[in-house]
Every structure is written in C-alpha cells, then in structure tokens.
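**Q** Give me a 3D structure for the following:
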Amino acid sequence: RCTGGKQKTIKEYLLADKNMPITPVACSLMASFMSAITILGVSSENYTFGFQFVVINLSYLVFTPVAAYLYLPVFFKLQATSVYQYLELRFGKTTRLAASICYTLQMVLYMGVVVYAPSLALEALTGINRVSAILSMGLVCSFYSTIGGMKAVLMTDVFQSILMFLGVFSIIGAALLQHGS
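**A** As a prediction, the model looks like this:
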C-alpha cells in the first residue's frame, strides 16, 4: 500500500511519521524540482542558447551540502516542521505571515504554468481538450495528496521519478539509434 494505511496522527499524515527511507525521500525531492517545465523548457533552452543554464544545476552541487550541514541541524533541534515555523520562532508572527503569503502567491503563479505544460502533452496524446486535461490532473493530484498524506506523495514521486528517467533515457537512446553516436 502506497499510503501505509490510515494515518492516526497529524505527524504521520504531514511528515510520514518521520520514518521514510532515504531513497523515496531523495526521489521525491528530485521529482519536486523536475517539473514538465524542466523537462521540456530546459531542453529547449539548452538547444537554443547553449548550456549556460547548466551552471544553475552546478550551484545545487555546492549549496545543497551547505544547507544540509548548516540549516537542517537547526530545524531538527527546534523540531520545526517548516521554514515558516522557524521564521516565527526567530522573527515573529508577522515575518512568518509575510513569507507565507509571498510563497503562496509564487506557488499559485508557478502551478498554473506547471499544470499547463503537461496538459498540452496530455491533450496531444489523448485528444481531450486542454481544460479537461488541466482539471483532471489537478483533481487526481489533489485527491491522492489529500487522502494519502505525505507517504502517498512520496511514493507517487518515486513512480514519477522512474517515469522521468525512463522517458529521458528513451529519448537519448532513440536519438543515438537514429543519428548514431
């Protein structure tokens, strides 16, 4: 079962009871950073303008360990469940609220683009209209996230990661077969 059964506590629902293996968590983080925009847009960007965009990914190699060693111990010590909880503890409720509002606005705008890009692919593959594709993707994702909690999200992200890797490697393989190495 992907959800691990019925969750009994808020901690289990929101944090997967802090008891998930590292591989699903790592796959989930990777899948979260890799949206349809990344798969479709970055490829196009690299083809059109060159590989300057790769520099952003190189910065992840440097700053992910920095964040892991500097910031995560603070969150664990405070048992903070989010950055916003930490901001409230450190700077007060106004800072937490301001950061939450800014992030919510950013995500509302971002999610519009993130859902729109794969809806174009779904429309092309299935023939359903774009609005139906957008609504169906939004409803399915909202449903499993709400019903299953963090464990369902993590396991779905693992599946999504596998599909993304298969897709990318299939395209690379097809290109090599078609045009040679």
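
**Q** all helices in the chain, in order from the N-terminus.
**A** For the chain, the helices defined by DSSP state H cover 10-15, 22-33, 36, 43-49, 54-70, 72-78, 83-91, 93-126, 130-179.

**Q** and the first one, what other elements does it pack with?
**A** Helix 10-15 sits against helix 130-179, with contacts defined as 3 or more C-beta pairs under 8 Å, 6 or more residues apart in numbering; DSSP states H and E. Any C-beta I mention is one placed from the backbone N, CA and C, and that applies to glycine too.

**Q** Look up how far Asp157 lies from the nearest residue to Met150 once chain neighbours are set aside.
**A** Counting by C-beta to C-beta, 6 or more residues apart in numbering, Ala16 is the residue found nearest to Met150 once chain neighbours are left out, at 4.1 Å. Ala16 is 12 Å from Asp157, where distance means C-beta to C-beta, to the nearest Å.

**Q** Please apply the same query to Gly180.
**A** Between Gly180 and Asp157 the distance, using C-beta to C-beta, works out to 35 Å.

**Q** Which of these two has more residues huddled nearby?
**A** When Gly180 is set against Asp157 and neighbours are counted by other C-beta atoms under 10 Å, the residue ahead is Asp157, at 20 against 6.

**Q** ok, now which ones touch that one?
**A** Shown here is Asp157, whose contacts under the criterion C-beta atoms under 8 Å, 6 or more residues apart in numbering are Pro24, Cys27, Ser28, Ala31, Ser32.

**Q** What is the nearest of those residues to Gln79?
**A** Each of the contacts of Asp157 was scored against Gln79 by C-beta to C-beta, and Ser28 proved nearest at 21.0 Å.

**Q** what about the closest one, how many residues close to it?
**A** As a burial measure, the neighbour count of Ser28 was computed by other C-beta under 10 Å and equals 21.

**Q** can I get the contacts of Asp157 in JSON lines with pLDDT?
**A** As requested, these are arranged in JSON lines below (pLDDT from 0 to 100):
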{"residue": "Pro24", "pLDDT": "85"}
{"residue": "Cys27", "pLDDT": "84"}
{"residue": "Ser28", "pLDDT": "85"}
{"residue": "Ala31", "pLDDT": "82"}
{"residue": "Ser32", "pLDDT": "79"}
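
**Q** Mean neighbour count, the helices of the chain: which tops it?
**A** Burial among these, expressed as mean neighbours by mean count of other C-beta atoms under 10 Å, is greatest for helix 36, which shows a mean of 17.
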